[in-house]
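**Q** Okay, sequence plus prediction incoming.
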Amino acid sequence: MAQTAGVINREGRGNDAEFRALLAASPPAVRELASAVRDLVYDVLPQTVEVVWPRQRSVGWGTGPRKFTEQFAYLMPFKGHVTLGFYRGGELPDPEGLLPASGGRQVSGTLSMRSIKISHPDEVGRPALRALVEAATRTGIPGPDDIG
């Protein structure tokens, strides 16, 4: 039997076993950063649907499990930092310039992906970062009430 690519969590922040398993090999500081970012996402949108992608070593968040149509952000752990990415980052208001001016594109070319490298816990508490997450939850994805 083939293993599914992503593990879907619709139960909320308390269901963190897959998230913790993804980070098990990461240094403690990276696990702390990743957990802080996850807390921020759930603070902004408590009904977030989380998908852990073990093969890709990433986690995505959205109003549903579909990566490019229902998810607004993703996280990837690295040796000394985490990357928080936004699928529609180029469309987000970013008055403080946290996001790069250009970034990646989805294969079909419809997404303007941008990401931020987060290396210190203080960075997660920035109001500008919270504003980006808030804007991302309202940009280009169905609202939480629209998902069945």
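**A** It's in.

**Q** Look up the residues forming beta bridges with the residue most central in space within the chain.
**A** Nearest residue to the geometric centre of the chain (CA atoms, centre = their mean): Y74, 2.6 Å. Judged by DSSP bridges, the bridge partners of Y74 are G60, G85.

**Q** Next up, identify which helix or strand L98 is on.
**A** Per DSSP states H and E: L98 is located in neither a helix nor a strand.

**Q** list the buried ones in the longest helix along the chain?
**A** Longest helix of the chain, by residue count under DSSP state H: helix 28-44. Of all the residues in helix 28-44, those buried under the rule 16 or more other CB atoms under 10 Å are V30, R31, L33, A34, S35, A36, V37, R38, L40, V41, Y42, V44. Where C-beta positions appear, they are placed from N, C-alpha and C, glycine not excepted.

**Q** Contacts only, for the third one.
**A** For L33, the contact set (CB atoms under 8 Å, 6 or more residues apart in numbering) comprises P77, H81, V82, I118, S119, H120, P121, V124.
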